[in-house]
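Engineer: Have a look at this prediction, sequence included:
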Amino acid sequence: MRTDTPWSALPARDHLLAGEADAAGAPVLDVVVPVYNEEKDLEPCVLRLHDHLARTFPYAFRITVADNASTDRTPEVARRLARTLPGVRSYRLEEKGRGRALRTVWSHSDAPVLAYMDVDLSTDLNALLPLVAPLISGHSDLAIGSRLARSSRVVRGTKREFISRAYNIILRSSLAARFSDAQCGFKAIRREVAQRLLPMVEDTGWFFDTELLVLAERAGLRIHEVPVDWVDDPDSTVHIVRTATEDLKGVWRVGRALAVGALPLDRLARPFGDDPRDRGIGGVPRGLARQLVGFCVVGALSTLFYLGLYSLFRLGVGPQSANGGALLVSAVANTSANRRLTFGVRGRGGAVRHQAQGLVVFAIGLALTSGSLAALGAASGSPSHSTELAVLIAANLAATVLRFLLFRAWVFPDRDRGGDRGGDRSGDAPRPSAGPDDANHHELRNAR
């Protein structure tokens, strides 16, 4: 799994201004059409797409035909289209793989918004502008066409419908995916997001889309879904069984990497307050609001967990022993949850040290709650169980404020203040390593 991404956080999303890209000589939108042995369908596809964009798209655009190792006349057709149509270029890869083609072209494109669609144009092109508009406006990071949205209109056979829905159920149950349609060949992404995300995507074939979306969603990037009208291509050359097998292997690989924290997804996080009005607020540490929300959610769940354990332990032991045992177990769980969810620490590095520091924080909480119980016992003798719970809740609220401050300043200090995040960073950020596709960069630049 590739992890050699730039270290600095993604910049805040800005609305793309039409004149800026034009002044730089670059299109706002680059639509990639990956093809393999499509000599029959390529020319009608490009002509129709070019006509649609010329009539309806209000910004400068480019169409890139990405031929991945075709053995028929597809390269010749692509070169002819590039010669005769303005804003069309062709690019040839000597290895197969739709994901490889998209990664190569997107990595070297100068357009701020990158998209792709299948050559059969099964998706109605009227959805193209709604697809890329949230990326141009700065609202979203990625956009996908969905055939499974309630308002979508889809014409396809029972077998493909079943496979598509079953695959998305697998993604939801195994990878906790919330997007509705991973396989629709109609997607777009902002270039700065692609530059950070693509080096993490390992697949070069049909699972490329799914892996891209899962990593983006887990990193907290915003994915916009567009309902589409879609008509199945009966002449599709996709091998369903082989593709499904490779997809399941990819699900297992990505799920395992996510489970062990092998992906530095925190490097993809957007800063809090993408809205320019939020950036004007002074005196608020970066990420504080987001961390407060996460800490409160984790704290509420931890408190419920703690109270449940206390009530359970209280059936067999005294209040002090029940409090100590419940607080110890819940403190370990609380530190783990805050480490990952509130402060965005990935991987196993530093986990033991964080737990040790968390136990120090736990000791402070134990002193507060135990002292409260002791004071209650001295004041009332034999308090009721409900009174004990009320006193413990009040003591935990006081301990929670102190716990957050210690977590933020000592256990999980912010990088920008000189701390580290548990071993995810080991020195300066590595530069992305040159991949096998970089040899084509010169050819792609010349094709612009």
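Structural biologist: Good, I have the coordinates.
Engineer: give me every residue that touches residue 233.
Structural biologist: Residues in contact with residue 233, defined by CB atoms under 8 Å, 6 or more residues apart in numbering, are 118, 120, 122. Just so you know, the C-beta spots here come from the backbone N, C-alpha and C atoms, and that holds for glycine as well.
Engineer: from those, which single one is nearest residue 188?
Structural biologist: residue 118 (13.7 Å; CB to CB).
Engineer: for residue 49, what are its contacts?
Structural biologist: 31, 33, 63, 117, 121, 125 are the contacts of residue 49 under CB under 8 Å, 6+ apart.
Engineer: Next step: the residues you listed restricted to strands.
Structural biologist: 31, 33, 63, 117 (DSSP state E).
Engineer: nearest to residue 137, of these?
Structural biologist: Using CB to CB, the ones in strands among the contacts of residue 49 come closest to residue 137 at residue 31, 18.2 Å.
Engineer: Please tell me the pLDDT value assigned to the closest one.
Structural biologist: Note for residue 31: predicted pLDDT of 98.
Engineer: For the stretch 101-250 of the chain, which segments count as helices?
Structural biologist: All helices of the stretch 101-250 of the chain, identified by DSSP state H, counting those that start in this stretch, fall at 128-137, 158-175, 191-197, 208-218, 240-259.
Engineer: Reformat those as CSV; add mean pLDDT, distance to residue 67 and mean neighbour count.
Structural biologist: Below are the helices of the stretch 101-250 of the chain laid out as CSV (pLDDT from 0 to 100; distance: least, CB to CB, whole Å; neighbours: other CB atoms under 10 Å):
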stretch, mean pLDDT, distance to residue 67, mean neighbour count
helix 128-137, 95, 22, 21
helix 158-175, 84, 26, 14
helix 191-197, 92, 20, 20
helix 208-218, 92, 17, 23
helix 240-259, 83, 20, 15
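Engineer: Make TSV from the ones you listed and add distance to residue 54 to it.
Structural biologist: Listed next are the helices of the stretch 101-250 of the chain as TSV, based on distance: least, CB to CB, whole Å:
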stretch	distance to residue 54
helix 128-137	12
helix 158-175	32
helix 191-197	22
helix 208-218	27
helix 240-259	34
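Engineer: separation between the residue nearest to residue 56 when sequence neighbours are not counted and residue 152?
Structural biologist: Among residues not flanking residue 56 along the chain, residue 129 sits closest, at 6.4 Å (CB to CB, 6 or more residues apart in numbering). Separation of residue 129 from residue 152 (CB to CB, to the nearest Å): 17 Å.
Engineer: Then residue 304?
Structural biologist: 39 Å.
Engineer: Give me the more crowded residue out of the two.
Structural biologist: residue 152 (20 against 11; other CB atoms under 10 Å).
Engineer: which residues does that one contact?
Structural biologist: 146, 227-230.
Engineer: mind exporting the host helix or strand of residue 100 as CSV, just the C-alpha atoms?
Structural biologist: In this assignment (DSSP states H and E), residue 100 forms part of helix 98-108. Extracted in CSV, the C-alpha atoms of helix 98-108 (Å, rounded to 0.1, in the frame of the first residue of the first chain):
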residue,chain,number,x,y,z
ARG,A,98,-8.3,1.5,-16.3
GLY,A,99,-7.0,2.6,-12.9
ARG,A,100,-3.5,2.8,-14.3
ALA,A,101,-4.7,5.0,-17.2
LEU,A,102,-6.7,7.3,-14.9
ARG,A,103,-3.9,7.7,-12.4
THR,A,104,-1.4,8.5,-15.1
VAL,A,105,-3.5,11.1,-16.9
TRP,A,106,-4.9,12.7,-13.7
SER,A,107,-1.5,12.9,-12.1
HIS,A,108,-0.1,15.0,-14.9
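Engineer: Which elements pack onto it?
Structural biologist: Packing contacts for helix 98-108, counted by 3 or more CB pairs under 8 Å, 6 or more residues apart in numbering; DSSP states H and E, involve strand 29-35, strand 61-68, strand 88-93, helix 191-197, helix 208-218, helix 441-447.
Engineer: quick one, that helix and strand 29-35 angle?
Structural biologist: Here helix 98-108 runs at an angle of 150 degrees relative to strand 29-35 (axes from the mean of the first three to the mean of the last three CA atoms, to 10 degrees).
Engineer: And the contacts of helix 98-108?
Structural biologist: 30, 32, 34, 36, 64, 66-68, 91, 93, 114, 116, 189, 191, 194-195, 198, 201, 203-209, 437, 440-441, 444-445.
Engineer: For the residue of the chain positioned farthest from its centre, give its distance to residue 375.
Structural biologist: Residue farthest from the centre of the chain, counting by CA atoms, centre = their mean, is residue 381 at 54.9 Å. From residue 381 over to residue 375 the distance is 12 Å, taken as CB to CB.
Engineer: got a list of what the residue nearest to residue 73 when sequence neighbours are not counted touches?
Structural biologist: Leaving aside its chain neighbours, residue 73 sits nearest to residue 39 (4.1 Å; criterion: CB to CB, 6+ apart). For residue 39, the contacting residues are 70, 72-74, 76-77, by CB under 8 Å, 6+ apart.
Engineer: got the contacts of residue 233 as CSV, with distance to residue 86, pLDDT and neighbour count columns?
Structural biologist: CSV is the format used below for the contacts of residue 233 (distance: CB to CB, whole Å; pLDDT from 0 to 100; neighbours: other CB atoms under 10 Å):
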residue, distance to residue 86, pLDDT, neighbour count
118, 23, 93, 20
120, 24, 90, 18
122, 26, 91, 22
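Engineer: Which of these sits closest to residue 142?
Structural biologist: Set against residue 142, the nearest of the contacts of residue 233 by CB to CB is residue 118 (17.3 Å).
Engineer: Give me the distance between the residue lying closest to that closest one once chain neighbours are set aside and residue 343.
Structural biologist: Distance criterion CB to CB, 6+ apart; nearest residue to residue 118, sequence neighbours excluded, is residue 185 at 3.5 Å. With distances taken as CB to CB, residue 185 is found 37 Å from residue 343.
Engineer: per-residue confidence at residue 265?
Structural biologist: 77.
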